[in-house]
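Engineer: A structural model of the following input is requested.
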Amino acid sequence: MSQLSEHQRSPNVQQRGVRGRAPLVESVSCYCKVDAGLKTVAGARKFVPGSKICIQPDINPHAHKSKNRRQERRVQPPLLPGLPDDLAIICLARVPRAEHNKLRLVSKRWSHILSNNYFYSLRRTLGMAEEWVYVFKQDRDGRISWHAFDPIYQLWQPLPPIPIEYNEALGFGCAVLSGCNLYLFGGKDPLRGSMSRTVFYNARTNRWHKAHDMHRKRHSFGSCVINNCLYVAGGECEGAHRALRSAEVYDPHRRRWSFISDMSNAMVPFIGVVHGGKWFLKGVGDHREVLSEAYTPETNTWTSVNDGMIAGWRNPSISMNGNLYALDCRDGCKVKVYEEDTSSWKRFIDSKVHLGSSPALEAAALVNLNGKLCIIRNNMSISLVDISSPDQEIESNPHLWENIAGKGHIKTLFTNLWSSISGRNGQKSHIVHCQVLVA
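Structural biologist: Just a heads-up that it's a prediction; the model follows:
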């Protein structure tokens, strides 16, 4: 037995090897599960040429029934009965913005659609996007409130509560990025001092969100938006050297702050504007001297400015259609424009109707609202000025200068009278920020 040749033992070895192997599939690919409707592999071979017989059993027709049932459960009812969803979204996009909060209450799906960027890009494409004015006001007790004005219905609309850290903040910044995100940043808390906090409100979701904090705590600083990036510079902070020279920029795409070049001098700005691609700031230095500088983003440099623009520059001001505008009287009923050729300011337009010089009637902000110059006063009254036709007569063209009665306009008339009698005019509430959001 021990002398058996190798070729005599090999058949038994080969047989044991065959019994030890797993069953082989003789087809190039197994198509047993091609389709649950094909009961046999032979049926599958008709639709998949080149397949061979598989040794696995016939297809189980109930193999995917549980999966199909799950898919059936996911089928949602239409947004509007009788309409495809794409047409239903077009219908919803035409609903006025003032009704969007009510639409969000219909269902979770409607709420999700009204928070979607596609929905608002569709509104913009259809020409239905609306600009609202958002006003932050500080009352005589130091509390901050905010309000939204709908220029179509000429009504003040409700808003969610302001973040608690800004309920009594002083000297905080306010700016708009991407047309629909309103940012609050920095400021001074009465108890905790200067802050580096950053939060933003999304007009599409009607909610507040947290953003990354600034690198430096500061309040009473200058801020602006250039190329959809948020810039801050100067201001104050507790310490031996209160005035600051540092500056930062926030990129919403990277969601972070970065330092930029320091200012030439430490400054507490009280007026600023972006004009001609530069950011102009005017403020007070360490020794209470008036300083003015301009920042150029392309070169990341600051330069001192002392020309006719700075000399006659008053707050508030705005750059629109390549021109720089400012108010020429306390109630904002006169507008002036800066002429670069002569480096001087000139009278631009006069409403011929002046409201008075009380603190309640003082113009607090200038914004661009639907292509018109919008003047907002401390009593929440609003004027719209058509700056495209300054040569027309006010008397013959009432749409050239429109006065809109805002929230509490009549009430303010009586309160102003009572405040004058009681000598409390100096303690009146006033507007600290005003912005325009699109949705």
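Engineer: was I right about C180 contacting Q435?
Structural biologist: No. Taking contacts as Cβ atoms under 8 Å, C180 lies outside contact range of Q435: 11.0 Å. For glycine as for every other residue, the C-beta is placed from the backbone atoms N, C-alpha and C.
Engineer: And what about L87, helix, strand or coil?
Structural biologist: Recorded secondary structure, L87: helix (DSSP: H, G, I helix; E, B strand; the rest coil).
Engineer: and what of the one 3 residues further on?
Structural biologist: I90 falls in the helix class when you classify it by three-state DSSP.
Engineer: quick one: the strands in the stretch 101-250 of the chain?
Structural biologist: Using DSSP state E, counting those that start in this stretch, the strands assigned to the stretch 101-250 of the chain run over residues 131-138, 144-150, 155-157, 173-177, 181-185, 188-189, 193-194, 198-202, 207-210, 222-226, 229-233, 247-251.
Engineer: tilt between the last one and strand 198-202?
Structural biologist: Spelled out, it's strand 247-251. Orientation of strand 247-251 against strand 198-202 (axes from the mean of the first three to the mean of the last three Cα atoms, to 10 degrees) gives an angle of 40 degrees.
Engineer: The stretch 251-400 of the chain: strands as residue ranges?
Structural biologist: 256-260, 268-275, 278-284, 290-296, 301-304, 317-320, 323-327, 334-339, 344-350, 363-369, 372-377, 382-385.
Engineer: How many neighbouring residues does V273 have?
Structural biologist: 22 (other Cβ atoms under 10 Å).
Engineer: Could you measure from the closest residue to D386 other than its chain neighbours over to S388?
Structural biologist: Distances taken as Cβ to Cβ, 6 or more residues apart in numbering put L400 closest to D386, at 5.0 Å, once the chain neighbours are dropped. Per Cβ to Cβ, to the nearest Å, L400 is found 9 Å from S388.
Engineer: between the strands of the stretch 101-250 of the chain, which one is nearest to K102?
Structural biologist: Closest approach to K102 among those (Cβ to Cβ): strand 155-157, 11.7 Å.
Engineer: which parts of that closest one are buried?
Structural biologist: W156 (16 or more other Cβ atoms under 10 Å).
Engineer: What of stretch 175-192?
Structural biologist: Using 16+ other Cβ under 10 Å as the test for burial, stretch 175-192 gives 175-177, 179-189.
Engineer: residues near the closest residue to V176 other than its chain neighbours, how many?
Structural biologist: Distances taken as Cβ to Cβ, 6+ apart place Q435 nearest to V176, at 5.0 Å, with adjacent residues excluded. Here the number of neighbours of Q435 (other Cβ under 10 Å) works out to 19.
Engineer: got the buried residues of stretch 175-192 as TSV, with distance to M380 and pLDDT columns?
Structural biologist: Listed next are the buried residues of stretch 175-192 as TSV, based on distance: Cβ to Cβ, whole Å; pLDDT from 0 to 100:
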residue	distance to M380	pLDDT
A175	21	98
V176	20	98
L177	25	98
G179	23	96
C180	23	96
N181	24	98
L182	18	98
Y183	22	98
L184	20	98
F185	24	98
G186	25	98
G187	22	97
K188	25	96
D189	26	94
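Engineer: Under the pLDDT cut-off, which ranges of the stretch 251-400 of the chain? List them.
Structural biologist: Across the stretch 251-400 of the chain, the ranges flagged by pLDDT under 70 are 395-396.
Engineer: Figure out which of the strands of the stretch 251-400 of the chain is closest to I89.
Structural biologist: With Cβ to Cβ, the closest approach to I89 among the strands of the stretch 251-400 of the chain belongs to strand 363-369: 27.5 Å.
Engineer: okay, the angle between that closest one and strand 323-327?
Structural biologist: Counting by the same axes, to 10 degrees, strand 363-369 lies at 150 degrees to strand 323-327.
Engineer: Adjacent strands (with direction) for strand 363-369?
Structural biologist: When pairing is defined by DSSP bridges, strand 363-369 lines up against strand 372-377 (antiparallel).
Engineer: Please save the CA atoms from the strand it pairs with in PDB.
Structural biologist: What follows is strand 372-377 as a C-alpha-only set of coordinates in PDB (Å, rounded to 0.1, in the frame of the first residue of the first chain):
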ATOM      1  CA  LYS A 372     -35.700 104.800  -3.800                       C
ATOM      2  CA  LEU A 373     -34.000 106.700  -1.100                       C
ATOM      3  CA  CYS A 374     -35.700 105.700   2.200                       C
ATOM      4  CA  ILE A 375     -35.500 108.100   5.200                       C
ATOM      5  CA  ILE A 376     -36.400 106.600   8.600                       C
ATOM      6  CA  ARG A 377     -37.000 108.900  11.600                       C
END
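Engineer: I'd like to check what contacts that strand. Which residues are they?
Structural biologist: The contact list for strand 372-377 (Cβ atoms under 8 Å, 6 or more residues apart in numbering) reads 133, 135, 318, 320, 325, 327, 331-332, 335, 355, 360-368, 382-387, 406, 431, 434, 436.
Engineer: what do you get if the cut-off is 7 Å, keeping everything else the same?
Structural biologist: With contact meaning Cβ atoms under 7 Å, 6 or more residues apart in numbering, strand 372-377 is reached by 133, 135, 320, 325, 331-332, 335, 361-368, 382-387, 431, 434.
Engineer: Just the buried ones from those residues?
Structural biologist: Restricting the contacts of strand 372-377 to buried positions leaves 133, 135, 320, 325, 331-332, 335, 361-367, 382-387, 431, 434, with burial counted as 16+ other Cβ under 10 Å.
Engineer: List the contacts of the residue nearest to D386.
Structural biologist: The neighbourhood of L400, defined by Cβ under 7 Å, 6+ apart, consists of D386, S389, Q392, I394.
Engineer: let's see 10 Å
Structural biologist: 349, 351, 372, 384-394 (Cβ atoms under 10 Å, 6 or more residues apart in numbering).
Engineer: For ChimeraX, what selects the buried ones among the residues you listed?
Structural biologist: Buried subset of the contacts of L400, written as a ChimeraX selection, criterion 16+ other Cβ under 10 Å:
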select :349,351,372,384,385,386,387
